[in-house]
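Peer 1: build me a structure from this.
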Amino acid sequence: MFDKMPWLKPATFLAAITILISKVMDSDLGLRLYPVIINLVMLVVFAYSLYKGPSIIETFARITEPSLDENGVIYTKKVTLVWCVFFVFNGGIALYTSIFSSLETWAFYNGFIAYLAMGTLFAIEWLVRQKVKRNAGV
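Peer 2: Residues are numbered from 1 along each chain as shown. Below is the predicted model:
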């Protein structure tokens, strides 16, 4: 399972640390930082895949299109980079809400707005991918 989801091990480890921090400090800060940690782990995994290859998005694309051409590989690298930028911004906002906002604001952003933003990015990428495929004659 960890081979197919390399981010699962560090995310699980960091989740345990956040719980421990919260318990030791008798504070909810550790738990509030969990979305920050997840965004950081995802950023590292996605960015590392750009460096080492194949990109995470290419790996997902090859599930349905095993013979992805060079243009498809370039496109998936760009999408992986877009997700890296997303994780930077989303993690930054999550960090801000963890430290400087009320629990209600933190919960609203990290429990609703962040997921809405992810869904919007998925939808936009899907629409762009359909257009790219049409233009490529696929």
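Peer 1: shaky segments in this protein?
Peer 2: Where the chain drops to pLDDT under 70, the residues are 1-7, 138.
Peer 1: kindly list the longest helix within it.
Peer 2: helix 70-100 (DSSP state H).
Peer 1: quick one: name whatever helix or strand follows that one.
Peer 2: helix 103-108 (DSSP states H and E).
Peer 1: please name every helix or strand in contact with the longest helix of the chain.
Peer 2: With contacts defined as 3 or more Cβ pairs under 8 Å, 6 or more residues apart in numbering; DSSP states H and E, the packing partners of helix 70-100 are helix 29-32, helix 34-52, helix 56-64, helix 103-108, helix 114-136. Where C-beta positions appear, they are placed from N, C-alpha and C, glycine not excepted.
Peer 1: need these in TSV with distance to residue 87 and mean neighbour count, can you?
Peer 2: Formatted as TSV, those follow (distance: least, Cβ to Cβ, whole Å; neighbours: other Cβ atoms under 10 Å):
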stretch	distance to residue 87	mean neighbour count
helix 29-32	18	17
helix 34-52	4	18
helix 56-64	11	16
helix 103-108	18	13
helix 114-136	10	12
